[in-house]
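Asks: based on what follows, work out the 3D shape:
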Amino acid sequence: MFTATAASNDGQFTPQDWALFVSVAAIWGSSFVFIDIGLDALPPGLITLLRVGSGAAALWALPRSITTRVGRAVTDMQIEPDDRAKLLLLSVIWVAIPFTLFPIAEQHINSSVTGLLNGATPIFAATVAAVLLRQRAHGPLLLGLVVGFAGIALISAPSVSDGSNAASGVCMVLGATVCYGFAINLAAPLQRKYGSLPLMARMLALATLWTTPYGLWNIRSAEWEVGPLIAVLLLGVFGTGIAFAIMGTLVGRVGSTRASFITYLIPVVSLALGTAFRGDTVAPIAVVGIGLVISGAFLASRAKA
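Replies: Sure, this is the predicted structure:
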């Protein structure tokens, strides 16, 4: 989900690096549980709107001293005319569509399965990159993609066999993850050019506009219970906002390659939290599947163009 440039620390992780790493993994890994809690009282569209809007507010409210340490202050960025269409597209495929699909999907499948399927993001990102760059998949890349897609099939199989509702949930999560695959490839050069936090702040602001109609459309069905509302606001402020500031700091310290290993921890955290706090049940074959997805993603990421 995150791309950035240079590292200031090329050695082993320091205790502070590990603290940043674990914090981001925990925050992003808990996102699907927070969505599930939100669904106890709030409709999907409102969850998305509250998440995106509070995340945008959190990034825009960050002190200038923090954002400049990460790269560039949020308020300093001016988008060049040639990049505005790309920014608009990113706000749709990186935020508006996937953030809308996840809570709808979790009405049909549990948070743990959602998190496991989301772990396929690196596989789809590698696939999209190979297609866009017109690279022929071979060697470690081909093996990684084959293993990764086999893992996706194993994760999906138990839910699909449960019936059409669960199958639709799986399809929605995979659709969101495919969007991430395209978005990551499109975002990488823009993040290097403008900085990750300023880019994300503007994407979230735009996505708030796109998600407002759906969010307001079913607001009357909201029950406004304190627990679910707090869960969604935490998801927005920390999971969709502050976590990007933490991740930006980590990338600056250890580099984007090593920081990207957080992607492999997110489904593990999601599985642990979902089973512990929401009583999620996950088929053993799905756990094997996430092992294959992580292995495939690792192989694909190690492949040289």
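
Asks: can you pull the contacts of Ala176?
Replies: Shown in contact with Ala176 (CB atoms under 8 Å, 6 or more residues apart in numbering): Ile97, Pro98, Leu101, Phe102, Ala105, Asn118. For the C-beta atoms, the positions are set from N, CA and C on the backbone; glycine is no exception.

Asks: please redo it, this time with the cut-off set to 6 Å
Replies: Going by CB atoms under 6 Å, 6 or more residues apart in numbering, Ala176 touches Pro98, Leu101, Phe102.

Asks: what of Ser30?
Replies: Ser30 neighbours (CB under 6 Å, 6+ apart): Leu273.

Asks: and it, how far from Trp210?
Replies: 25 Å (CB to CB, to the nearest Å).

Asks: ok, now Pro44?
Replies: 15 Å.

Asks: those two: which is more packed in?
Replies: More crowded of Pro44 and Trp210, by other CB atoms under 10 Å: Pro44, with 22 against 19.

Asks: burial check on the spatially closest residue to Val173 that is not a sequence neighbour, number of neighbours?
Replies: Distances taken as CB to CB, 6 or more residues apart in numbering place Leu117 nearest to Val173, at 4.4 Å, with adjacent residues excluded. Taking other CB under 10 Å as the criterion, the count of residues near Leu117 is 31.

Asks: before we move on, what about Leu132?
Replies: Using other CB under 10 Å, Leu132 is surrounded by 11 other residues.

Asks: likewise for Gly45?
Replies: Residues within reach of Gly45, counting by other CB under 10 Å, total 22.

Asks: got it, and Ile294?
Replies: So Ile294, with other CB under 10 Å, has 23 neighbours.

Asks: which of the helices or strands spans it?
Replies: Per DSSP states H and E: Ile294 is located in helix 284-302.

Asks: buried ones in that helix?
Replies: Buried residues in helix 284-302, defined by neighbour count with 16 or more other CB atoms under 10 Å: 286-287, 289-290, 292-301.

Asks: for those, give me CSV that also has distance to Ala129 and pLDDT.
Replies: Below are the buried residues of helix 284-302 laid out as CSV (distance: CB to CB, whole Å; pLDDT from 0 to 100):
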residue, distance to Ala129, pLDDT
Ala286, 26, 93
Val287, 28, 92
Gly289, 22, 94
Ile290, 22, 92
Leu292, 20, 93
Val293, 17, 91
Ile294, 18, 89
Ser295, 19, 90
Gly296, 14, 87
Ala297, 13, 83
Phe298, 15, 82
Leu299, 14, 82
Ala300, 9, 77
Ser301, 10, 69
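
Asks: now tabulate the residues you listed in TSV and tack on distance to Ile152.
Replies: Shown next, in TSV, are the buried residues of helix 284-302 (distance: CB to CB, whole Å):
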residue	distance to Ile152
Ala286	10
Val287	13
Gly289	7
Ile290	9
Leu292	8
Val293	6
Ile294	12
Ser295	12
Gly296	9
Ala297	11
Phe298	15
Leu299	15
Ala300	13
Ser301	16
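
Asks: so which of those comes closest to Val146?
Replies: Taking CB to CB as the measure, Val146 lies nearest Gly296 of the buried residues of helix 284-302, at 7.3 Å.

Asks: check contacts around the closest one.
Replies: Contacts of Gly296 (CB under 6 Å, 6+ apart): Ile123, Gly144, Val147, Gly148.

Asks: quick check: chain neighbours aside, which residue is closest to the last one?
Replies: Meaning Gly148. Gly296 (2.8 Å).

Asks: tell me which residues touch the closest residue to Gly291 other than its chain neighbours, please.
Replies: Spatial nearest neighbour of Gly291, chain neighbours left out: Gly151 (7.0 Å); criterion: CB to CB, 6+ apart. By CB under 6 Å, 6+ apart, the residues touching Gly151 are Gly289, Leu292, Val293.

Asks: closest one of these to Ala61?
Replies: Closest to Ala61, out of all of the contacts of Gly151 and judged by CB to CB, is Val293, at 35.6 Å.

Asks: against Pro158, how distant is that closest one?
Replies: In terms of CB to CB, Val293 sits 15 Å off from Pro158.

Asks: before we move on, what about Ala56?
Replies: Applying CB to CB, the value for Ala56 to Pro158 is 36 Å.

Asks: those two - which one has more neighbours?
Replies: Using other CB under 10 Å as the criterion, Ala56 and Pro158 rank with Ala56 on top: 24 against 19.

Asks: now that one: closest residue in space, sequence neighbours ignored.
Replies: Setting aside the residues directly before and after it, Ala56 is nearest to Leu204 in space (CB to CB, 6+ apart), at 3.6 Å.
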